[in-house]
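> with the input below, show me the fold.
(2 chains)
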Protein chains: 2
Amino acid sequence: MTLHTDRTYEAELQALRDRLVDMVGQVEQMTIEAVKAVVDRDAQLARETIRLDRRVNRAEVEIDEACMLLLARRQPVASDLRLVTTALKMVTDIERIGDVAVNLCERAIDLAGEPPIPGIDEALNALGQLAAAMLRKAIEAFAERDAAKAENVLEMDDDADERYHQIVRSLAQRIRDDPDKVEQNVALQSAAKQLERIGDHATNLAEQVILLVRGQDLRHQGKLA
Amino acid sequence: MTLHTDRTYEAELQALRDRLVDMVGQVEQMTIEAVKAVVDRDAQLARETIRLDRRVNRAEVEIDEACMLLLARRQPVASDLRLVTTALKMVTDIERIGDVAVNLCERAIDLAGEPPIPGIDEALNALGQLAAAMLRKAIEAFAERDAAKAENVLEMDDDADERYHQIVRSLAQRIRDDPDKVEQNVALQSAAKQLERIGDHATNLAEQVILLVRGQDLRHQGKLA
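As a prediction, the model looks like this:
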């Protein structure tokens, strides 16, 4: 391989990394705006945020194609090969985060005009900020090849799950106290569930990063031991 | 490439296909048993089914490794390359179906000892059979390279979504009528949600099969038009 080709190849791998980082930035932004739309009961912001998903879908197709081209033309091996196969898996999770954020926006539209609910709204907002922070940390871990940072995302997910279950318990109590308001409470429960799912996808990304950096499979260690 | 190597390579690709088919068979079986555990309130069956997930997790690691070896040693191109990159993505969905089936089993354990609910139990059972049929059809479409059959899975998912929403509506009515039974109804709602998620994963698999067979990206056609 000539020096020129070598540099082009390195630049292609770096472009792939940059595109993944950019795509995560897009769904992180969608998550933050979707949560704001839910908490502020802002259907207009929700509709604007839904439109952002087109760019995410386009990024998925483009990154998949870039991976296929790299595999076919450059025939990467070792850690470069692992980067490309990891990118193929990560891009699928990132695209689905966009779909989940759209789902969250649809709950915001359902909730538009409903009164604020002190306690629940703050808890949803905190869970949303946590989910967005998990995405940011997972992709920082990818960019910096930092497995310890990725492991931190797994710990954050325990916190996200606990916050989600607290919200569900509070909403179940509200339904018992006021069975006539069941639709609003179910929409809020669904919103919380979407945020918990974004946390799960961030965890999937972090697990892929750990696998990429450490070059070994930690995904099912506990279960296989 | 010698004839011998060529035959070995073909055998490796076929082994990859067979492993994916086998892995889907495993999660299809888990889905069927998990639904039976929910509907029969059978905690013992639920616990036995949860144990099956270890094999699914092991299959994920093994298939990922087989894909990496194929890419590194055989440097496949064109449709062979697409088969391997598709396998890498499909295996992630299949493994998550196992996780969702475990989640469903956990709801069965929550529900153990609760009385049957005529109407809801039958609807859950029908949704479970549909989700299992979607998995079977998606993997048949993969094995037979049949894009039309894969498209059929997408239509079945509309039916699954409608059945899911009917169950949620019935359960919301039950919560209004009898707010004291909220936990049982929430567990049943969560069970229905898990089945809807299995339908979504089957749809993801079918979309990957369409892409593999047609060699073009149909995933976001509607959204990009």
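
> so which bits of chain A are right by chain B?
Proximity of chain A to chain B is confined to A:53-54, A:57-58, A:60-61, A:64-65, A:67-68, A:71-72, A:75, A:77-78, A:81-82, A:85, A:88-89, A:92, A:168, A:172, A:175-176, A:179-180, A:182-183, A:186, A:193, A:217, A:219-220, A:223-224 under the rule CB under 8 Å from any CB of the partner chain. All C-beta spots, glycine's among them, are computed from the backbone N, C-alpha and C.

> can we see that at 6 Å?
A:54, A:57, A:61, A:71-72, A:75, A:77, A:81, A:85, A:88-89, A:92, A:172, A:175-176, A:179, A:182, A:217, A:220, A:223 (CB under 6 Å from any CB of the partner chain).

> tell me where chain A has strands.
With DSSP state E as the criterion, chain A has no strands.

> how many other residues sit next to residue A:9?
16 (other CB atoms under 10 Å in any protein chain shown).

> residue A:184 now?
Residue A:184, neighbours per other CB under 10 Å, totals 19.

> separation between it and chain B?
Residue A:184 sits 11 Å away from chain B, going by CB to the nearest CB, to the nearest Å.

> report the contact partners of residue A:35.
Listed by CB atoms under 6 Å, 6 or more residues apart in numbering or on different chains, the contact set of residue A:35 reads residue A:128.

> report how many residues lie close to residue A:146.
Using other CB under 10 Å: residue A:146 sits among 16 other residues.

> which pLDDT value goes with it?
If you check residue A:146, the pLDDT there is 97.

> cool, and residue A:182?
For residue A:182, pLDDT reads 81.

> repeat that for residue A:215.
79.

> report the mean per-residue pLDDT for stretch A:26-44.
Rounded mean pLDDT across stretch A:26-44 is 98.

> I misspoke; the intended subject was stretch A:82-97.
pLDDT averaged over stretch A:82-97 gives 96.

> least confident secondary structure element in chain A?
helix A:221-224 (a mean of 46; mean pLDDT, DSSP states H and E).

> tell me where the longest helix sits in chain A.
helix A:3-39 (DSSP state H).

> pull out the buried residues from that helix.
By neighbour count on 16 or more other CB atoms under 10 Å in any protein chain shown, the buried set for helix A:3-39 is A:9, A:12-13, A:16, A:19-20, A:23-24, A:26-39.

> next one: stretch A:173-184
A:174-175, A:179, A:181-182, A:184.

> which pLDDT value belongs to the residue nearest to residue A:24 when sequence neighbours are not counted?
Of all residues not flanking residue A:24 in the chain, residue A:139 sits nearest, at 4.0 Å (CB to CB, 6 or more residues apart in numbering or on different chains). Note for residue A:139: predicted pLDDT of 98.

> distance check, residue A:102 against residue A:139.
Between residue A:102 and residue A:139 the computed distance is 20 Å (CB to CB, to the nearest Å).

> same check, this time on residue A:160
For residue A:160 relative to residue A:139 (CB to CB), the value is 17 Å.

> equivalent analysis for residue A:126, please.
For residue A:126, the distance to residue A:139 - CB to CB - is 21 Å.
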